[in-house]
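Chemist: task: produce atomic coordinates for the following.
(2 chains)
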Amino acid sequence: DTAVSQTPKYLVTQMGNDKSIKCEQNLGHDTMYWYKQDSKKFLKIMFSYNNKELIINETVPNRFSPKSPDKAHLNLHINSLELGDSAVYFCASSQMRGLDGAGPYAEAFFGQGTRLTVV
Amino acid sequence: QKEVEQNSGPLSVPEGAIASLNCTYSDRGSQSFFWYRQYSGKSPELIMFIYSNGDKEDGRFTAQLNKASQYVSLLIRDSQPSDSATYLCAVNSPFSGGYNKLIFGAGTRLAVHP
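Modeler: Numbers count the residues shown, from 1 in each chain, chains lettered A, B, ... in the order given. Alright, predicted model coming up:
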């Protein structure tokens, strides 16, 4: 019973192509994210949606376009793929909550990742 | 200055020893802090979170937080070879609209040798 699932797991494509990665979560969370993990293992946030509304859009080329049809789904479409786009893309979800008055916290739960290779 | 900093390692410890992983963060408004473990080729999985100054223990793991020094650490007691992984420190960073974003450090690679 996968909590956050993304497809495909592997994606090999040529430069210039357009590709999509899909993500679904069954945790009932309000917030979903896309992270990019490069070859140095640095996990960098790209986008975040809260209840289908875009709330985070980091400095990402506009060739990357997220779409959230509902709060359980967040897809990532990439146009005109470049060699530098090769990385592992992780989808994640979280639910903001307070804890004993200490302020909001929200741990993220990750999908299994999509390894994108652009050749 | 990076928002969340970690020593990339590798940190090599013998089996049974205590592994100490450190993290500093720049946003004083951050209120919650997380440690994730990532095995090679796998996705990050949450080990612990902490939001109050002091120590929080869970089994062999202890998270320590010092907000004044903007410092978070993770201690792993009785380290096992199965603990060999990359440990990612993550910080909830608030921004406008009452939202938070989870910012990760670059991770510390831990190697536990028999």
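
Chemist: test my guess that residue B:24 contacts residue B:66.
Modeler: No - counting by CB atoms under 8 Å, residue B:24 sits too far from residue B:66 to count as a contact (9.8 Å). All C-beta spots, glycine's among them, are computed from the backbone N, C-alpha and C.

Chemist: these two: which is more packed in?
Modeler: Taking neighbours as other CB atoms under 10 Å in any protein chain shown, residue B:24 and residue B:66 compare with residue B:24 leading, 20 against 12.

Chemist: show me the beta-bridge partners of that one.
Modeler: Applying DSSP bridges to residue B:24 gives these bridge partners: residue B:5, residue B:71.

Chemist: and the end-to-end length of stretch A:55-63?
Modeler: Distance between the two ends of stretch A:55-63: 18 Å, counting by CA to CA, to the nearest Å.

Chemist: any shared contact partners between residue B:24 and residue B:66?
Modeler: residue B:72 (CB atoms under 8 Å, 6 or more residues apart in numbering or on different chains).

Chemist: residues contacting the closest residue to residue B:7 other than its chain neighbours?
Modeler: In space, and not counting its chain neighbours, residue B:7 is closest to residue B:108: 5.6 Å by CB to CB, 6 or more residues apart in numbering or on different chains. For residue B:108, the contacting residues are B:6, B:7, B:8, B:9, B:10, B:11, B:21, B:22, B:86, B:87, by CB under 8 Å, 6+ apart.

Chemist: repeat that with 10 Å
Modeler: Neighbouring residues of residue B:108 by CB atoms under 10 Å, 6 or more residues apart in numbering or on different chains: B:6-11, B:19-23, B:74, B:85-89.

Chemist: ok, residue A:72 next?
Modeler: Contact analysis of residue A:72 by CB under 10 Å, 6+ apart lists A:23, A:24, A:25, A:26, A:27, A:28, A:29, A:32, A:52, A:93.

Chemist: where helices are concerned, which of the residues you listed count?
Modeler: Nothing among the contacts of residue A:72 maps onto helices, per DSSP state H.

Chemist: most neighbours of all those, which one?
Modeler: Neighbour-wise, those (other CB under 10 Å) top out at residue A:32, 29 neighbours.

Chemist: what's across from that residue in the sheet?
Modeler: Beta-bridge partners, per DSSP bridges, of residue A:32: residue A:49, residue A:93.

Chemist: check residue A:110 too.
Modeler: Residues in beta-bridge contact with residue A:110 (DSSP bridges): residue A:92.

Chemist: any idea how far it is from residue B:38?
Modeler: To residue B:38, residue A:110 is 9 Å away according to CB to CB, to the nearest Å.

Chemist: which neighbours do those two have in common?
Modeler: With contacts taken as CB under 10 Å, 6+ apart, the residues that reach both residue A:110 and residue B:38 are A:43, A:90, B:44, B:45.

Chemist: against chain A, how distant is the third one?
Modeler: Shown here: residue B:44 relative to chain A, a distance of 5 Å by CB to the nearest CB, to the nearest Å.
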